[in-house]
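K.L.:
got a predicted structure plus its sequence, pasted below:
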Amino acid sequence: MNKNSSNVALGDRTSQIEQDAQERILANLAATLDRTLPVPLGVQLRGLIEFGIGFGELVPGQKLPSVRELAERAGIAPMTVATVYQDLRKSGLIKAKPGAGTYVNDGHTRDGLRSTSMRKIQRRIDALFNEAEEMGLSPTVVSSLVNARAARGRSPSRPMHLVIVGHFLDTTQQYADRIREYLGPNDSIAVTTLSALQAGKPLPQPCDLCATFPHRRSDVESLIPPGTPIVNLNFIPAEETRAQLAVIDPMARIGVVSIFPEFMAFMRPGVLRFTPHVSDVEVRLITDPDLTEFLQSLDVLVYASGAEPLLKDLPAGRQAIEFRYVPDPHAVRQVLVPEIERLRSAPLATKEEIE
């Protein structure tokens with residue numbers, strides 16, 4: 001086989017892998033929509049995509065089904081899918097490539113972290129050469145000074161101050177505790193909630209970098225000081241949660257309670273993924289009027305983080321499992337830590353640049 005034939009074969013295999021991935025996404029989205037839930041299908045669809053992005057099932061650069069494909073497979077109106085995609089584009093979670101389709105965003109395009117940084121550096125370089133010219137120094141001399149500085153390597157690093165924005169203070173603090181081990185000894189990390197910011201409370205400390213859920217990014221962006229860099233936090237189910245689900249009695253009646261309507265459709269397959277020996281589970285929203293009666297009928301309750309108050313209504317002797325998520329360590333190492341180090345080594349902004 002010649003080189004050209006090998007390249008064609010490789011291209012065919014790559015194309016087939018991409019098609020298979022798109023088909024899996026299409027099938028999963030269509031199959032997971034649950035018409036028995038008291039939540040509009042459009043709200044469910046948006047929640048499924050948001051959750052998929054936030055929890056690493058839809059990775060940056062992944063192509064999403066077209067509006068027509070998803071509408072036909074899921075049996076919903078194309079306008080419903082189009083509206084969901086439009087909302088997700090506005091929030092920066094997905095992006096449309098003209099003539100190519102719709103893709104999961106990389107988390108940096110929306111605020112232009114890289115391009116903004118490059119423009120700042122370019123302005124500093126221009127100012128440096130202009131100042132040198134006024135002092136009678138040639139561009140060659142300035143270039144030599146810059147090269148000599150680059151050869152010395154990085155300057156001593158400065159401490160970084162992170163703020164994590166979540167839904168509930170206790171669980172957000174748990175996220176921060178997990179992330180802390182990746183930080184430097186002089187770095188600090190503090191937590192707050194979206195509701196606290198919406199109530200007008202300030203950030204708990206000076207913030208060099210803010211981290212939050214992908215689907216809450218645009219909300220947080222509007223509530224923190226302009227220009228504050230933001231990164232997406234991705235999550236995976238906690239090991240303890242997976243272990244507890246795996247040993248549930250297959251004959252037990254299992255109920256799931258969600259806090260947010262848009263994530264109800266996601267929680268059922270999320271539980272069943274780790275309980276393959278269980279045939280089905282029932283899902284309720286924490287605000288359902290029949291919640292107390294529902295809890296009394298269960299052998300095992302699986303509840304979303306933040307729903308702890310409902311445990312007081314769970315009969316004694318019944319098992320309760322928090323469906324807890326933790327920051328994805330791979331995403332922390334590959335996205336969060338590099339962004340921290342980039343900001344750590346960047347020059348401090350001047351007053352003029354901040355304004």
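P.N.:
Good, I have the coordinates. Numbers count the residues shown, from 1 in each chain.
K.L.:
kindly confirm my reading that Ala148 is in a helix.
P.N.:
Yes: with DSSP: H, G, I helix; E, B strand; the rest coil as the criterion, Ala148 is assigned to a helix.
K.L.:
tally of neighbours for it?
P.N.:
When neighbours are defined as other Cβ atoms under 10 Å, Ala148 has 9 of them. No exception for glycine: its C-beta is placed from N, CA and C like everyone else's.
K.L.:
for Ile121, same thing?
P.N.:
Residues near Ile121, counting by other Cβ under 10 Å: 12.
K.L.:
what about it, which helix or strand?
P.N.:
Using DSSP states H and E, Ile121 maps to helix 113-134.
K.L.:
what's the average pLDDT for that helix?
P.N.:
What helix 113-134 shows for mean pLDDT is 69.
K.L.:
ok, stretch 280-300 next?
P.N.:
Stretch 280-300 comes out at a mean pLDDT of 93.
K.L.:
now stretch 184-196
P.N.:
Stretch 184-196 comes out at a mean pLDDT of 95.
K.L.:
give me the contact list for that stretch.
P.N.:
157, 159-169, 172-173, 175-176, 179-180, 183, 201, 203-205, 212, 216, 219-220, 223, 340 (Cβ atoms under 8 Å, 6 or more residues apart in numbering).
K.L.:
which ones among those residues map onto helices?
P.N.:
Leu169, Thr172, Gln173, Tyr175, Ala176, Ile179, Arg180, Asp219, Val220, Ile340 (DSSP state H).
K.L.:
for Glu57, what are its contacts?
P.N.:
Phe51.
K.L.:
model confidence for it, exactly?
P.N.:
Looking at Glu57, the pLDDT reads 81.
K.L.:
mind checking the SS state of it?
P.N.:
Once three-state DSSP is applied, Glu57 turns out coil.
K.L.:
and it, how far is that from Gly270?
P.N.:
As judged by Cβ to Cβ, to the nearest Å, Glu57 and Gly270 stand 10 Å apart.
K.L.:
cool, Glu18 as well?
P.N.:
25 Å.
K.L.:
which one of those two is surrounded by more residues?
P.N.:
The neighbour comparison of Glu18 against Gly270 (other Cβ under 10 Å) goes to Gly270, with 22 against 12.
K.L.:
in this structure the more buried one contacts Tyr325, no?
P.N.:
No: under the criterion of Cβ atoms under 8 Å, Gly270 makes no contact with Tyr325, lying 9.6 Å away.
K.L.:
okay, and the common contacts of those two?
P.N.:
Pro237.
K.L.:
and the strands in the chain?
P.N.:
63-64, 94-97, 101-104, 161-166, 188-193, 209-212, 230-232, 235-237, 254-258, 282-285, 300-304, 319-323, 325-327 (DSSP state E).
K.L.:
pull up the pairing partners for the third one, direction included.
P.N.:
Right, the one you point to is strand 101-104. strand 63-64 (antiparallel), strand 94-97 (antiparallel) (DSSP bridges).
K.L.:
determine which stretch of those strands is the most buried.
P.N.:
strand 63-64 (a mean of 20; mean count of other Cβ atoms under 10 Å).
K.L.:
one step back: from the ones in helices among the contacts of stretch 184-196, which two are the most distant?
P.N.:
Arg180 and Asp219 (24.6 Å; Cβ to Cβ).
K.L.:
compare these two (neighbour count), which wins?
P.N.:
Using other Cβ under 10 Å, the more surrounded residue of Arg180 and Asp219 is Asp219, with 15 against 12.
K.L.:
could you list every residue that touches that one?
P.N.:
So Asp219 contacts Leu194, Gln198 (Cβ under 8 Å, 6+ apart).
K.L.:
any low-confidence regions in the protein?
P.N.:
Across the chain, the ranges flagged by pLDDT under 70 are 1-15, 107-120, 122, 147, 150-156, 347-355.
K.L.:
how does it look with 80?
P.N.:
1-21, 54-56, 106-126, 139-157, 346-355 (pLDDT under 80).
K.L.:
okay, now the domains of it?
P.N.:
3-104, 113-151, 161-236+328-354, 239-323 (automatic domain parsing).
K.L.:
if we can go back for a sec, what's the ChimeraX line that selects buried ones from the ones in helices among the contacts of stretch 184-196?
P.N.:
Filtering the ones in helices among the contacts of stretch 184-196 down to the buried ones (16 or more other Cβ atoms under 10 Å) takes a single ChimeraX command:
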select :172,175,176,179,220,340
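K.L.:
and the residue of the chain most remote from its centre, how far from Arg318?
P.N.:
The C-alpha centroid of the chain is most remote from Gly136, which lies 50.8 Å away (Cα atoms, centre = their mean). For Gly136, the distance to Arg318 (Cβ to Cβ) stands at 82 Å.
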